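S.K.: Got a sequence here, can you model it:
(chains A and B)
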2 protein chains.
Amino acid sequence: MDICSNLGRNVKRIRLEKAWSQEELAFRSGLHRTYVSGVERGKRNPTVIVLQQIADALEVSASRLLEIES
Amino acid sequence: MDICSNLGRNVKRIRLEKAWSQEELAFRSGLHRTYVSGVERGKRNPTVIVLQQIADALEVSASRLLEIES
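M.R.: Predicted coordinates for the structure are as follows:
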């Protein structure tokens, strides 16, 4: 699985664990909802600074968002 | 420490553990040497796809490159 798809899967899973909408995550991370949707679908290629914004919003490490789940 | 500086520190440390020059890492990752130098100095904000190129060249996970060393 490519890094963007893996990232998207991790973001979505952690967001759902928090029972947040994409809107909520977008608001908390200072990103647009459509951008969050694109990240979750593996269609975006964020920079590490944007990755950190998403990680901070989800209260996990940026490294965690790139981990490959078995 | 911001994510770009932390990334740079990790890339440099792993590169030196392999006794590679920046030129060697640039060649292996398909990036320009000056870009590698900028990443190591924390001056670049790579996308996750570029991060994966560097990780692949260093034979570590992309997640590993963002880990915060104590």
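
S.K.: Show me which residues of chain A sit near chain B.
M.R.: A:2-4, A:7, A:45-49, A:51-52, A:61-64, A:66-68 (C-beta under 8 Å from any C-beta of the partner chain). For the C-beta atoms, the positions are set from N, CA and C on the backbone; glycine is no exception.

S.K.: just the buried members of those?
M.R.: Neighbour-count burial (16 or more other C-beta atoms under 10 Å in any protein chain shown) applied to these gives A:3-4, A:7, A:45-48, A:51-52, A:61-63, A:66-67.

S.K.: With secondary structure and distance to residue A:35 as added columns, please give these in TSV.
M.R.: Converted to TSV, those look like this (DSSP: H, G, I helix; E, B strand; the rest coil; distance: C-beta to C-beta, whole Å):
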residue	secondary structure	distance to residue A:35
A:3	helix	17
A:4	helix	13
A:7	helix	13
A:45	coil	11
A:46	coil	8
A:47	strand	12
A:48	helix	16
A:51	helix	12
A:52	helix	15
A:61	coil	21
A:62	helix	17
A:63	helix	21
A:66	helix	18
A:67	coil	22
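
S.K.: List the residue ranges of chain A that fall below the pLDDT cut-off.
M.R.: A:70 (pLDDT under 70).

S.K.: Return the distance of the most centrally placed residue in chain A relative to chain B.
M.R.: The centre of chain A sits closest to residue A:11, judged by C-alpha atoms, centre = their mean, with a distance of 3.4 Å. For residue A:11, the distance to chain B equals 12 Å [C-beta to the nearest C-beta, to the nearest Å].

S.K.: Could you pull out the buried residues of whichever strand or helix holds that residue?
M.R.: For residue A:11, the enclosing helix or strand under DSSP states H and E is helix A:3-17. Across helix A:3-17, burial judged by 16+ other C-beta under 10 Å covers A:3, A:4, A:6, A:7, A:8, A:9, A:10, A:11, A:12, A:14, A:15.

S.K.: Chain B: which of those residues is nearest?
M.R.: The shortest approach to chain B among these belongs to residue A:3, at 4.5 Å (C-beta to the nearest C-beta).

S.K.: Cool, thanks, signing off.
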